[in-house]
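Asker: Got a sequence here, can you model it:
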Amino acid sequence: MMEIVPYIPEYWAEIEKIHDAARVQELALAKMPDAFLPLCIAAEREELFDYSLYVGKIGERIVGFVAFTEDELAWLYVDPAYQRQGVGRALAQFALNQMEDGEKTVEVLYGNAPARQLYISLGFTKERIVHGRMPGNEAFRVTVWELTME
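Answerer: Sure, this is the predicted structure:
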């Protein structure tokens, strides 16, 4: 059974490994492998620690993490060894339960169909395609599915 707990600095090395492995997968699906930045850079550029940040643990092992605001699910990464086992769903549902009432959003890199399907299955219904620059790595143009739920 997974426990979801607040992030503490002692978890850094584990979430860094999780992010870096899962981000490579995410960018491959989006056909943007050259846009990879390790968490040690992305966390600062994208202000990870300005979000509410929680980790999922099975026993003593960290298997994923989620970061969010009162209305945005901003980060969700799962250790590749634990993907498709309900970890991402549980972390996302936890975040959604912590958010305030009203509209909630999430952005998914265009091409990352597994993530898009997860969010749709959680109740995100409105969708639009948005073009812009990749947050934290603005040299890259990006297309995302912006999903919202009421």
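
Asker: tell me the contacts of L37?
Answerer: Counting by CB atoms under 8 Å, 6 or more residues apart in numbering, L37 makes contact with 23, 45, 136-137. Quick note: C-beta positions are derived from backbone N, CA and C, even for glycine.

Asker: Same question for F65.
Answerer: Contact analysis of F65 by CB under 8 Å, 6+ apart lists 7, 11, 15, 18-19, 53-56, 75-77, 91.

Asker: What is the nearest of these to K126?
Answerer: L76 (18.9 Å; CB to CB).

Asker: which outside residues touch the helix or strand hosting Q117?
Answerer: Assessed by DSSP states H and E, Q117 sits inside helix 113-121. Residues outside helix 113-121 that contact it (CB under 8 Å, 6+ apart) are 26, 29, 73, 76, 88-89, 92, 106, 108-109, 145, 147.

Asker: same thing with stretch 69-86?
Answerer: So stretch 69-86 is contacted by 2, 15, 17-19, 21-23, 25, 48, 51-53, 56, 58, 62-68, 87-88, 91-92, 95-96, 99-100, 102-106, 115, 119 (CB under 8 Å, 6+ apart).

Asker: buried subset of these?
Answerer: 2, 15, 18-19, 21-23, 48, 51, 53, 56, 62-68, 87-88, 91-92, 95-96, 99, 104-106, 115, 119 (16 or more other CB atoms under 10 Å).

Asker: Which residue is the nearest non-sequential neighbour of the residue nearest the centre of the chain?
Answerer: Nearest to the mean C-alpha position of the chain, by CA atoms, centre = their mean, lies L76 at 2.1 Å. Once flanking residues are discounted, L76 sits nearest to V66: 5.0 Å by CB to CB, 6 or more residues apart in numbering.
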